[in-house]
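Novice: predicted model and sequence below, questions to follow.
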Amino acid sequence: MKSKARAMVMGSFAGDALALGVHWIYDTWAIEMNFGRVERFVKPRQESYHAARELGDFTHYGDQALVLLESLADSRGFSQDDFAEKWKGLLGQYRGYLDKATKTTLENFALGKNPRESGSSSTELGGASRIAPLVFFFENDPEALVKTVRAQTAMTHHTPQVMDIAEFFARVAHGVLEGNGPVEVMKHVAEEFFGSSPLAELVDEGLDLAAQKSRNAILDLGQHCASDAAFPSSVQLIARYEKNLREGLIENVMAGGDSAARGLVVGMILGAHLGMESIPGEWMSEMREVEKINGLLNALESFRS
């Protein structure tokens, strides 16, 4: 179980790092022509949104997940205020791209708002995608897990849909760590906790397209950042590649658009299901923060719930 929980976190970070070099390129033909099949980490080009990043770095989504992991280790649990301070310390002087949700949240903090009222109205998946460290820490306390994933999401994305998606993926990851298959758990969580909400319909949309090639399915569902597209696209990838994390994360990148946010959640769920052996060794060796992440996970293991 411990190795699966660690693989869940590493799979999430790997999904973000693999997407970095071609993130937000929507033309799948251009990805294919300019980069080939993206099976290894790629250094972003100068025209990229992430030109300041290096090969093996994370996007701003992954960097926020790392700050969350650091906060958990330093606080020996989730402290909204500590996470907010560390988040502001990172993004307030960030050497990289800042999206609108981040800029709005920083502006709200500058106006004196606290972390419980600082969130933007963004509906993008990014706010719900950085939760793997919380699932790791609260693996044995699902009630606290749900509470904290919603709180961390609301700090930057204070919209019911994004908070529900964060809860959905947290419950799915928890169920997968208990030994259940991702598709089975996604169906159960959708019905049990979100049966009367539009989120359950989005889950069905993704599952219904599981037999299609992901590039085609995601073109149909939408490649963009908004949850109504990125969420069912993530569900489709998890379902289609339930037994193959490597292929799932590669095809996520080749589908274009907001592949980094999708990659964080797809890598999280498939890592929890398939374990460390499913993550290519070259990805682990090229991930620049891998030693830091391992050290933080070691610290968390000594006192997590």
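Specialist: Structure's in. What do you need?

Novice: so what's Asp81 up against?
Specialist: Residues in contact with Asp81 (C-beta atoms under 8 Å, 6 or more residues apart in numbering) are Pro115. Bear in mind the C-beta positions are built from the backbone N, C-alpha and C, glycine included.

Novice: now do 10 Å
Specialist: Each residue near Asp81 by C-beta atoms under 10 Å, 6 or more residues apart in numbering is listed here: Ser71, Ser75, Asn114, Pro115, Arg116.

Novice: and Glu85, by the same measure?
Specialist: Shown in contact with Glu85 (C-beta under 10 Å, 6+ apart): Val67, Ser71, Ser79, Phe109, Pro115.

Novice: give me the low-pLDDT residue ranges for this structure?
Specialist: The model of the chain has pLDDT under 70 over residues 1, 304-305.

Novice: which stretches of it form strands?
Specialist: Taking DSSP state E, the chain contains no strands at all.

Novice: now render the contacts of Glu85 as CSV, adding distance to Val162 and neighbour count.
Specialist: CSV is the format used below for those (distance: C-beta to C-beta, whole Å; neighbours: other C-beta atoms under 10 Å):
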residue, distance to Val162, neighbour count
Val67, 18, 20
Ser71, 20, 23
Ser79, 21, 16
Phe109, 19, 20
Pro115, 16, 23
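
Novice: among those residues, which are in helices?
Specialist: The members of those that map onto helices under DSSP state H are Val67, Ser71, Phe109.

Novice: would you mind giving the residues you listed as JSON lines with distance to Glu205 added?
Specialist: Shown next, in JSON lines, are the ones in helices among the contacts of Glu85 (distance: C-beta to C-beta, whole Å):
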{"residue": "Val67", "distance to Glu205": "32"}
{"residue": "Ser71", "distance to Glu205": "34"}
{"residue": "Phe109", "distance to Glu205": "35"}
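
Novice: tally of neighbours for Glu277?
Specialist: Neighbour count of Glu277, defined by other C-beta atoms under 10 Å: 10.

Novice: relative to Leu55, how far out is Phe194?
Specialist: From Phe194 across to Leu55, the span is 38 Å (C-beta to C-beta, to the nearest Å).

Novice: which one's more surrounded, these two?
Specialist: Of the pair Phe194 and Leu55, Phe194 is the one with more neighbours under other C-beta under 10 Å, namely 19 against 15.

Novice: which residue packs closest to the more buried one, ignoring adjacent ones?
Specialist: The spatial neighbour of Phe194 that comes closest, neighbours along the chain excluded (C-beta to C-beta, 6 or more residues apart in numbering), is Ala200 at 4.8 Å.

Novice: burial of that neighbour, as a residue count?
Specialist: Neighbours around Ala200, by other C-beta under 10 Å: 18.

Novice: report the contact partners of Asp164.
Specialist: Residues near Asp164 by C-beta under 10 Å, 6+ apart: Ala128, Arg150, Thr153, Phe193, Phe194, Ser197, Pro198, Leu199, Leu202, Ser227, Phe231.

Novice: make TSV out of the contacts of Glu85 and add distance to Leu297.
Specialist: Below are the contacts of Glu85 laid out as TSV (distance: C-beta to C-beta, whole Å):
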residue	distance to Leu297
Val67	15
Ser71	14
Ser79	18
Phe109	28
Pro115	24
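
Novice: among the residues you listed, find me the one that's closest to Gly92.
Specialist: Distances from the contacts of Glu85 to Gly92 were compared by C-beta to C-beta; the smallest belongs to Phe109, at 8.5 Å.

Novice: for Ile279, grab phi and psi.
Specialist: Taking degrees, to the nearest 10, you get phi -90, psi 120 for the backbone angles of Ile279.

Novice: I'd say it and Gly267 touch.
Specialist: Yes - the pair Ile279 / Gly267 is scored as a contact, 8.2 Å apart, by C-beta atoms under 10 Å.

Novice: looking at those two, which has the bigger crowd around it?
Specialist: Legend: neighbour count by other C-beta under 10 Å for Ile279 and Gly267, higher for Gly267 (34 against 23).

Novice: which residue, other than its chain neighbours, is closest to the more buried one?
Specialist: Nearest-residue entry for Gly267: Gly15, 3.0 Å, with adjacent residues in sequence omitted and distances by C-beta to C-beta, 6+ apart.
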